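Novice: after the sequence you'll find the predicted model.
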Amino acid sequence: MFKHLFTSMNEMLDEVAVHYKAAAGVHKQELEEKLHMLKTMSDTFIEEWLLFEEKLACFYRDQQPAEALTDVMQTELGDVRSAEFIRGQGYYKLMMFSDAIREFTVLVREQPDFTLARLYLAMSFLQKGDISDSYGHFIFLSQCTQNHQIKAISCSAMGCIQMQEHNVDKASEYFNLAFQSDPSSVEPLLEMGLCSEKKGQLDFYW
């Protein structure tokens, strides 16, 4: 079913691409609405999880005493109030992904274990269309982070990428890894009726 969804999205995008340049007036507006819908659908899953992780990081910083956080958690969440992070986050929200990549690349180079910054870097590459660079960072995050939410986001992102490449079995594997790390991370899939939970595993309908 998920495969059919991406097939339909690709077909709609192909249709828009064929007619977009010559379109005018109402027809042009209809095509732009389709483009907006496709962009929204493609961003929905990962974007919501990313915003949640950002909110979670701020909660830990604001509500918990510093000594209550483990050294690992302190390192992974990093300094979300640093000038570099704020600039990178601002560029990301403005969809200036090349600039966001520049800021987060510096942060990750200086603090390799700052996984929240690396997550933004991976998402910036993904949004820019640099799938290979994005995928490499998601793999790193999924293997190295001790933060369950970050691992789930990374695995879910790789699952979505594999679905777009029509690698259904690999996508199912990554979505199951996300489910094991944080069951709430795949709630959109469950709510859309694309899978169900059976004995601690996801059963997909594609």
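Specialist: Right, received. Where do you want to start? What you see is a predicted model, and the numbers here were worked out from it, not measured in a lab.
Novice: name the residues of stretch 116-136 that are buried.
Specialist: By neighbour count on 16 or more other Cβ atoms under 10 Å, the buried set for stretch 116-136 is 116-127, 133-135. C-betas here are computed from N, CA, C, even on glycine.
Novice: which ones are touching the residue nearest to His19 when sequence neighbours are not counted?
Specialist: Once flanking residues are discounted, His19 sits nearest to Leu31: 6.3 Å by Cβ to Cβ, 6 or more residues apart in numbering. By Cβ atoms under 8 Å, 6 or more residues apart in numbering, the residues touching Leu31 are 16, 19-20, 23.
Novice: and Leu31, what element?
Specialist: Using DSSP states H and E, Leu31 falls within helix 25-63.
Novice: what of Phe140?
Specialist: helix 131-144.
Novice: residues in contact with that helix?
Specialist: 113, 115, 118-119, 121-123, 125-126, 150-151, 153-155, 157-158, 161, 177.
Novice: swap the cut-off to 10 Å and go again
Specialist: If you take Cβ atoms under 10 Å, 6 or more residues apart in numbering as the criterion, helix 131-144 is touched by 46, 76, 101, 104, 108, 112-113, 115-116, 118-128, 130, 147, 150-159, 161-162, 164-165, 174, 177-178, 181.
Novice: can I get the helix or strand just after it in CSV, CA atoms only?
Specialist: Using DSSP H and E, the helix or strand that follows helix 131-144 in sequence is helix 148-164. C-alpha atoms of helix 148-164 as CSV (Å, rounded to 0.1, in the frame of the first residue of the first chain):
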residue,chain,number,x,y,z
HIS,A,148,15.9,6.3,21.3
GLN,A,149,14.0,9.1,19.6
ILE,A,150,17.0,10.1,17.4
LYS,A,151,17.6,6.4,16.5
ALA,A,152,13.9,6.0,15.6
ILE,A,153,13.9,9.2,13.5
SER,A,154,17.0,8.1,11.6
CYS,A,155,15.6,4.6,10.9
SER,A,156,12.3,6.0,9.8
ALA,A,157,14.1,8.4,7.5
MET,A,158,16.0,5.6,6.0
GLY,A,159,12.8,3.6,5.6
CYS,A,160,11.2,6.4,3.7
ILE,A,161,14.3,6.7,1.5
GLN,A,162,14.2,3.0,0.8
MET,A,163,10.5,3.2,-0.1
GLN,A,164,11.2,6.0,-2.6
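Novice: no more questions from me, cheers.
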